[in-house]
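K.L.:
Sequence plus the predicted model coming up.
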Amino acid sequence: MTVSESFVPSESALRRALRRAEDGVVLNEVEAETLLHARGEHLERLLGAASRVRDAGLQQAGRPGTVTYSRKVFIPVTQLCRDRCHYCTFAQSP
């Protein structure tokens, strides 16, 4: 069991972490983990805050509205497999 599975934040902790994210404050590990539990309206607020942080970073880098990617990045999806069959020697449990 991961920490996230056993950790259930209170409503006030979730609201506080959201407020700090919306204010652009650097979050600590507990606040970031708390935000993993955002759903519904809380998730919409979190996505809005994340968009603003992204846009501010792009603006600061002189590339407003430009999101780039690299075709040369390889992410081995099979290593992220969540199946529990255990017969594939290449995959790793996340």
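P.N.:
On my side now, so go ahead.

K.L.:
Going by C-alpha atoms from here, please, whenever you check contacts or count neighbours.
P.N.:
Noted.

K.L.:
what's the neighbour count on F7?
P.N.:
12 (other Cα atoms under 10 Å).

K.L.:
before we move on, what about Q60?
P.N.:
Using other Cα under 10 Å, the number of residues around Q60 comes to 10.

K.L.:
repeat for L35
P.N.:
When neighbours are counted by other Cα under 10 Å, L35 comes out with 22.

K.L.:
How confident was the prediction at it?
P.N.:
Reading off the confidence values, L35 has pLDDT 96.

K.L.:
Likewise for D83?
P.N.:
pLDDT, D83: 66.

K.L.:
go on, the one 3 residues further on?
P.N.:
Taken from the predicted model, the pLDDT recorded for H86 is 65.

K.L.:
what's the answer for L14, then?
P.N.:
On the pLDDT scale, L14 is placed at 96.

K.L.:
now do G62
P.N.:
We note a pLDDT of 91 for G62 in this prediction.

K.L.:
For A32, which non-adjacent residue is spatially closest?
P.N.:
Excluding its sequence neighbours, the residue lying closest to A32 (Cα to Cα, 6 or more residues apart in numbering) is A17, at 7.6 Å.

K.L.:
check contacts around the one you found.
P.N.:
By Cα atoms under 8 Å, 6 or more residues apart in numbering, the contact set of A17 is 27, 31-32, 34-35.

K.L.:
filter these to the buried ones?
P.N.:
Among the contacts of A17, those classed as buried by 16 or more other Cα atoms under 10 Å are 31, 34-35.

K.L.:
what helices or strands is the helix or strand in which E31 is found leaning on?
P.N.:
Using DSSP states H and E, E31 falls within helix 29-35. For helix 29-35, the elements it packs on are helix 11-22, judged by 3 or more Cα pairs under 8 Å, 6 or more residues apart in numbering; DSSP states H and E.
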